[in-house]
Each structure stands twice: as C-alpha cells, then as structure tokens.
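J.: return a 3D structure for these sequence lines:
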Amino acid sequence: MSTSAVSTDTDVITSEIFIAAPPERIFQALTARAQVPQWGGQSGMYRTTFWEGEVRPGGKWWQKGDNAAGEPFEVTGEYSVVELPRRLSHTWQATWTGDLTTRVDWMLEPATEGDRTGTLVRLRHSRFAGSGAAEAHDQGWKRVFAWMRDYVERGETMAKRT
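T.: Presented below is the predicted three-dimensional model:
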C-alpha cells in the first residue's frame, strides 16, 4: 500500500510505498529504457510508449506516451543526482503543464515489512507552488507506485493490466 500527501501550500507531494524487491531492482525499473514502457501506464488512462535517458548527473531523460484520449504527451528532465542504487533527483517538465518545471527526488531504502524484505521507495515531487498542478500529480504518483510495484514484484506489464 502506498501513502501520498500534498503539502498545505500545494508546493510538495510526498509519497512512499514498500516494494518486495531490492533497491537495485527498483532503480533498474526506474531507469532502464526497455523497462519503463513495460509498466508505465494502463489502458483507458495513459501509457508510456518510449523512455530514454542518460542516467548520470547532467544527463537528460525523455518519455513519450498517449493520454486517455489517445493524444501524445512528453515528459523531459535532467538528472542532478544519481547515486546507484539509493537516490535519483531530476527535473520534470510535462507537455500538459506548459513551462512548469518541477523537481523529483527518489530515495530507495532497504526495508522489511512483516516477513518480507525489500525497499521503501520515497518520492518528493516539489516546485508546484501557484501552479494548481500538485493534486493531479499526486493522483498520478499513486497509480505509478502501484504499477511499478506490480511490475517489479509480479512481472505485471501494461499488456496484462486492465
């Protein structure tokens, strides 16, 4: 189960989820060209069709996909921190938010939940103040976390998700 919240000033989203896999596996799911399009989306919502990135400080990343209406979108950014397998930080600029550029920080910590070992995945998505976009992104991150967990733990891809 994931948790997520938007700060009272609507500037920051904080989310977390436990995934029964090591941090290295989560890092790979977040940064591997062949993997992101496998799990990033669901029929009738939106789906990632392409992802590419230079996973290094200063490296650029680029994602393409289709929204629920079948219209194309893109999200781009630049990595500022890459500490394999524990931390990633990058900018985030999506075509549906105009020139709003936000920041995403991923932290991956080894953890246990009951009798399962895995990773506590924490996300901090910031720089939304005054944009009105935080609530929609908060809902999106809840879906993304569930899709990533289902892919990493059970191999569920978009093709298997209804």
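
J.: so which strand or helix has the residue nearest the centre of the chain?
T.: Centrality entry for the chain: nearest residue to the mean C-alpha point is Val144, 5.8 Å, by Cα atoms, centre = their mean. In the assignment (DSSP states H and E), Val144 maps to helix 134-154.

J.: sorry, back to before: what residues are up against the residue nearest to the centre of the chain?
T.: Gly40 (Cβ atoms under 8 Å, 6 or more residues apart in numbering). C-betas here are computed from N, CA, C, even on glycine.

J.: could you list the low-pLDDT ranges of the protein?
T.: 162 (pLDDT under 70).

J.: which residue lies farthest from the center of it?
T.: Distance from the C-alpha centroid of the chain, by Cα atoms, centre = their mean, peaks at Asp115 (26.1 Å).

J.: would you check how far apart it and Gly40 are?
T.: Going from Asp115 to Gly40 by Cβ to Cβ, to the nearest Å gives 30 Å.

J.: and the helices in this protein?
T.: All helices of the chain, identified by DSSP state H, fall at 23-31, 36-39, 134-154.

J.: confirm for me that Thr48 is in contact with Val36.
T.: Yes: using Cβ atoms under 8 Å, Thr48 is in contact with Val36, at 5.8 Å.

J.: mutual contacts of these two, please.
T.: Overlap of the contact sets of Thr48 and Val36 (by Cβ under 8 Å, 6+ apart) consists of Gln63.

J.: from Asp105, how far out is the nearest residue to Ile19 once chain neighbours are set aside?
T.: Leaving aside its sequence neighbours, Ile19 sits nearest to Arg149 (Cβ to Cβ, 6 or more residues apart in numbering; 4.8 Å). Remark: distance between Arg149 and Asp105 (Cβ to Cβ) = 19 Å.

J.: these two: which has the busier surroundings?
T.: Arg149 (23 against 16; other Cβ atoms under 10 Å).
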